[in-house]
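*Asks:* Quick one, what's the 3D model for this:
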Amino acid sequence: MFQSASKAMMITAAGSGRKRIHRTVVPALAVLLVASLAGCANLKRDSVTVGAIPDDYRTNHPIMIAEKNQKIDLPVGAGDRGMTGSQRDTLLGFLDGYDRSAAPALTIAIPVGSANEIAAAAAGRDFARLAVASGIKRNRIVMTSYQSVSAEASAPVRVAYISVKAQTDKCGRWPDDLLQTSENKHYADFGCSYQNNLAAQMANPADLLGPRKSSDIDAENRSAVIDTYRGRGISDEFLGNSEVTY
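*Replies:* Below you'll find the model as predicted:
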C-alpha cells in the first residue's frame, strides 16, 4: 500500500514537472520566433541597403534642369554696312530658342578697338532692331561692348541670353576596362548619349518637373463633334468588313 502511494506521488510529481516544463518552453519558443523574425526583417533591410548600388543609366546620368548661357558670335566684316542677309538668318535661328514668357535679358556685345569697330556697331544696332521685330521686348535688350584682342583683326558681335535647359553630364567616361571586370553591371558610359539626346529634345524643361495645366475646352468644336456623332450614328469604318488585315 505504501508502495502504491509512493508511486502515485512520483507520477503526480512527474506530471506536474512536465506541465511546468511545458509552460516554460512555450514562452521561450515564442521569444525565439519573434527574435528570428526580427532578424529576418533586419537582414532584409540590410540587403536592400547593401544592394542599392546605382546600376541604372537614369541614376548614373541624371537629367538636370539648370540655367545655361546661350551665345553666338556673328562675324562682321570691316567693309560691311549694317546687317547682312546671312547674319539675319543666323540670328533669327538663334532667337528661336529665346523664351519670351521668361523674357531673359538679351545681351549684344559690340567689339571696341578692332578693325571692324564701326561696322560692328552698325550691325549691332540692326541686330537689336531685328530682336524687337521678332517679339523680344525693347527693355530686355542690353547693348554692351568688350575690348578686342587685336586692333588689326575683325572681332565678332556676341549675342547671348540665359535660358533654362535640361542637360546631363558629358559622355565619354571610361574609368574601367570592360575586359578586366567580372561584374554583371552597366559600364560607366552606358545610357549617357540617350540621356543627352532626350534632354536636347525637351522644348520645355519644366515638363520634367510636373504636368502642365489643362488647356481650356473648345466648346464649339466639342458641340460639332457630338452633333456629327449623333447624326451619323455608326461610322462607315465600322459598317464594312470587320476582319483585320495586315
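*Asks:* Can you tell me how far the spatially most central residue of the chain is from residue 200?
*Replies:* Residue closest to the average C-alpha location in the chain (CA atoms, centre = their mean): residue 63, at 3.6 Å. Residue 63 sits 10 Å away from residue 200, going by CB to CB, to the nearest Å. The C-beta positions use only the backbone N, C-alpha and C, and glycine is treated the same way.
*Asks:* Need the residues touching each of those two.
*Replies:* residue 166 (CB atoms under 8 Å, 6 or more residues apart in numbering).
*Asks:* follow-up on the earlier one: just want the phi and psi numbers for the residue nearest to the centre of the chain.
*Replies:* With angles defined as degrees, to the nearest 10, residue 63 sits at phi -90, psi 120.
*Asks:* likewise residue 108?
*Replies:* In terms of degrees, to the nearest 10, the main-chain angles of residue 108 are phi -120, psi 110.
*Asks:* I'd say it and residue 140 touch.
*Replies:* No. When contacts are counted by CB atoms under 8 Å, residue 108 is not listed as touching residue 140 (11.3 Å).
*Asks:* out of the two, which sits in the more crowded spot?
*Replies:* Neighbours of residue 108 and residue 140, each counted by other CB atoms under 10 Å, are more numerous for residue 108; the result is 22 against 16.
*Asks:* For residue 124, the count of nearby residues, please.
*Replies:* Applying other CB under 10 Å, we find 23 residues neighbouring residue 124.
*Asks:* Let's test this: mean pLDDT of the helix or strand where it lies, rounded?
*Replies:* Using DSSP states H and E, residue 124 maps to helix 117-133. If you average the pLDDT over helix 117-133, you get 96.
*Asks:* cool, and stretch 196-203?
*Replies:* Per-residue scores along stretch 196-203 average to 89.
*Asks:* Need the residues that contact it.
*Replies:* By CB under 8 Å, 6+ apart, stretch 196-203 touches 61, 63, 165-168, 171, 208.
*Asks:* Do you have the strands of this protein handy? List them.
*Replies:* Ranges of strands in the chain, per DSSP state E, are 64-74, 106-112, 141-147, 157-167.
*Asks:* Report the backbone C-alpha coordinates of the last one in CSV.
*Replies:* Okay, so that is strand 157-167. Taking C-alpha atoms only, strand 157-167 is exported to CSV below (Å, rounded to 0.1, in the frame of the first residue of the first chain):
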residue,chain,number,x,y,z
VAL,A,157,29.4,90.7,-82.4
ARG,A,158,28.4,88.5,-79.5
VAL,A,159,24.7,87.9,-78.8
ALA,A,160,23.8,85.9,-75.7
TYR,A,161,20.9,85.2,-73.3
ILE,A,162,20.4,82.8,-70.3
SER,A,163,17.9,80.0,-70.7
VAL,A,164,16.7,77.1,-68.6
LYS,A,165,17.8,73.9,-70.2
ALA,A,166,17.6,70.2,-69.5
GLN,A,167,21.1,68.8,-69.5
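*Asks:* which helices and strands does that strand pack with?
*Replies:* Here strand 157-167 touches strand 64-74, strand 106-112, helix 117-133, helix 192-200, going by 3 or more CB pairs under 8 Å, 6 or more residues apart in numbering; DSSP states H and E.
*Asks:* Between all of the contacts of stretch 196-203, which two are at the greatest distance?
*Replies:* 171 and 208 (19.4 Å; CB to CB).
*Asks:* Tabulate the strands of the chain (TSV), appending mean pLDDT and distance to residue 181.
*Replies:* Formatted as TSV, those follow (pLDDT from 0 to 100; distance: least, CB to CB, whole Å):
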stretch	mean pLDDT	distance to residue 181
strand 64-74	91	28
strand 106-112	96	48
strand 141-147	96	49
strand 157-167	92	29
